[in-house]
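**Q** Sequence plus the predicted model coming up.
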Amino acid sequence: MILRAILPEREAMTLIAELRMRAPAARTGWDATRTMRLVLSGAVLFLLLVGANLATPLYAGLQQRLGYGSFGTAVAFASYVVALVGVLVSAGHWSDHLGRRAAMVLAVLLGIAGSAVFASAGSLVQLCAGRALQGMAVGLATGACAAALRELLPHRPEWASRFTLLASSGGVALGPLLGGALALAPGGAAVPFLVHTAALAALLVPLVLVRARPAPQLPAGGRHGRVLAPRSLRGALPAPPARRSFWVAAATGFLSFAVFGYQLALSPGVFARAFGLASPPLLGALAGLTLASSAVSQVLAPAGRRRAPADGPLGLALLAASLAALAWGTATGSPAVLVVASVAAGAGQGTAFRAGFDAVAGSVPAEEHARTVSLLYVVTYLGSAVPVVGLGAIVGAVGLGPAAVGFLCACAAAAALLAATSLPRPARGR
């Protein structure tokens, strides 16, 4: 009913037919250029991840207003990740059958609902509900947008993977900065989410008008519900030749997002103490340094060249050293060390994760790309849920400073170990 109310009748019926996995009576709508389709596909993932990270500099104020501690912040953050992972596992393949456009429309509608709930939240439970809806939106969009970009650039898989990473890391990095800046407007913490809701609604207009291309893979009669059923994770693994690169990328992603989860959920408190700040925009900018540096490192990486086998291990080694420096800066309260180490950690993470992602994207066929990327992000996003919830519990027991130092030291050791185990294997002699 909502779609019929906001769309012209023919476009509404076409989209509803795709959602029901039925062939539409006629292919109508806006036949956009490839460039515009690239922009729309990237914009969906980018905007949803911006919205998912608007709350980073606002958690301290929300804690005081709603009366919950660091563990509550970790739970609110983890509710997003748990919902996201649940959708990746159960619905990561839906866009193969609903169509990329239809899956992205559903994701945007869920994102609108999530931002609206978060904007009006008056309790921790409501915050968690809004975060869960945002996680569901990002989970549904991840595989659909990555697959759409791959299909739009069939002969340039490295560019498709780069656009996917830029949309995701750019959205995660920009979210905290925008959240802090918009929260200064009259209306306070609700303003960023109201603005985000309006931006998603504006994106929905061209998205629902564009003609689906290629047409969805419609199942044979009587199997519509069966093809949307959750698939086993083992069945989503790539073929053995690509499996080692998949697990290296997945482990790198898990570690990376454990660090990102710490930066987004708890590092604003560390920066506030070290700098003596209470300004949401500045705390959002400082918390987003690592993520912004990660995005920049991916933008500046030479395009079109063959990926060097040592890129991943070198990036992980830089990440390990930077996290050790970040732990020292946290222990000593040194603002300069915290800033420099945050930037260096992002550069190392961006290099390592891009290398791993490119290796996976280049080693699986296009028809397996959506489910492989979804599984990769299942493991990756678990890194920003499980460790961060545990860290939130530890903070309540020993305090923010000691917990943060211990967590960063453990991540530095894990990065060093992963760098050593991911070194290129020497060629075997005959």
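**A** Thanks, I have the structure now.

**Q** check which helix or strand covers the residue nearest the centre of the chain.
**A** With the centre of the chain defined as its mean C-alpha position, the nearest residue by Cα atoms, centre = their mean is Ser168, 5.1 Å away. Per DSSP states H and E: Ser168 is located in helix 157-182.

**Q** And stretch 145-158, what's buried?
**A** 145-153, 157-158 (16 or more other Cβ atoms under 10 Å). From N, CA and C alone the C-beta is placed, and that goes for glycine too.

**Q** what's the average pLDDT for the helix holding Ser168?
**A** Mean per-residue pLDDT for helix 157-182: 82.

**Q** Same question for stretch 91-98.
**A** 74.

**Q** can you give me the offset of it from its chain's centre?
**A** 18 Å (Cα atoms, centre = their mean, to the nearest Å).

**Q** try stretch 99-112
**A** Distance, centroid of stretch 99-112 to centroid of chain: 16 Å (Cα atoms, centre = their mean).

**Q** before we move on, what about stretch 69-87?
**A** For stretch 69-87, the distance to the chain centre is 14 Å (Cα atoms, centre = their mean).

**Q** hmm, who's touching that stretch?
**A** 52, 55, 59, 62-63, 66, 124, 127-129, 131-136, 138-140, 261, 264-266, 269, 378, 381-382, 384-386, 388-389, 391-393, 395-396, 400 (Cβ atoms under 8 Å, 6 or more residues apart in numbering).

**Q** Are any of those buried, and if so which?
**A** By 16+ other Cβ under 10 Å, the contacts of stretch 69-87 give 52, 55, 59, 62-63, 66, 124, 127-129, 131-136, 138-140, 261, 264-266, 269, 378, 381-382, 384-386, 388-389, 391-392, 395, 400 as buried.

**Q** Inside helices: which ones of those?
**A** 52, 59, 62-63, 66, 124, 127-129, 131-136, 138-140, 261, 264-265, 269, 378, 381-382, 386, 388-389, 391-392, 395, 400 (DSSP state H).

**Q** Contact partners for Leu47?
**A** Leu47 touches 111, 171, 196, 199-200, 203, counting by Cβ under 8 Å, 6+ apart.

**Q** got a winner among those for most neighbours?
**A** Gly111 (31 neighbours; other Cβ atoms under 10 Å).

**Q** Give the full set of residues in contact with that residue.
**A** 47-48, 51, 133-134, 137-138, 196, 200.

**Q** Quick check: the farthest pair among those?
**A** Leu47 and Leu133 (14.6 Å; Cβ to Cβ).

**Q** Hmm, the residue nearest to the centre of the chain is touching Leu45, no?
**A** Yes: at 5.9 Å, Ser168 counts as touching Leu45 under the criterion of Cβ atoms under 8 Å.

**Q** Mind listing the shared neighbours of those two?
**A** Common neighbours of Ser168 and Leu45 (Cβ under 8 Å, 6+ apart) are Thr142.

**Q** Tell me who's in contact with Leu314.
**A** 351-352, 419.

**Q** let's see it at 10 Å
**A** Leu314 is in contact with 308, 348, 351-352, 355, 419, 423, counting by Cβ atoms under 10 Å, 6 or more residues apart in numbering.

**Q** Check which helix or strand Ala347 maps to.
**A** helix 335-363.

**Q** so can I have CSV of the contacts of Leu47 showing secondary structure and distance to Ala249?
**A** What follows is the contacts of Leu47, written out as CSV (DSSP: H, G, I helix; E, B strand; the rest coil; distance: Cβ to Cβ, whole Å):
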residue, secondary structure, distance to Ala249
Gly111, helix, 26
Gly171, helix, 20
His196, helix, 30
Ala199, helix, 31
Leu200, helix, 29
Leu203, helix, 29
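
**Q** Kindly present those residues as TSV, with separate columns for distance to Ala119.
**A** Output for these, formatted as TSV (distance: Cβ to Cβ, whole Å):
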residue	distance to Ala119
Gly111	12
Gly171	18
His196	9
Ala199	13
Leu200	12
Leu203	18
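
**Q** with the residues you listed in mind, which one is nearest to Leu182?
**A** His196 (8.7 Å).

**Q** mind checking how far the closest one is from Ala202?
**A** 11 Å (Cβ to Cβ, to the nearest Å).

**Q** before we move on, back to that, dump the buried residues of stretch 145-158 into JSON lines; add distance to Tyr80 and secondary structure as well.
**A** Shown next, in JSON lines, are the buried residues of stretch 145-158 (distance: Cβ to Cβ, whole Å; DSSP: H, G, I helix; E, B strand; the rest coil):
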{"residue": "Cys145", "distance to Tyr80": "18", "secondary structure": "helix"}
{"residue": "Ala146", "distance to Tyr80": "19", "secondary structure": "helix"}
{"residue": "Ala147", "distance to Tyr80": "22", "secondary structure": "helix"}
{"residue": "Ala148", "distance to Tyr80": "23", "secondary structure": "helix"}
{"residue": "Leu149", "distance to Tyr80": "23", "secondary structure": "helix"}
{"residue": "Arg150", "distance to Tyr80": "26", "secondary structure": "helix"}
{"residue": "Glu151", "distance to Tyr80": "28", "secondary structure": "helix"}
{"residue": "Leu152", "distance to Tyr80": "28", "secondary structure": "helix"}
{"residue": "Leu153", "distance to Tyr80": "29", "secondary structure": "coil"}
{"residue": "Pro157", "distance to Tyr80": "29", "secondary structure": "helix"}
{"residue": "Glu158", "distance to Tyr80": "30", "secondary structure": "helix"}
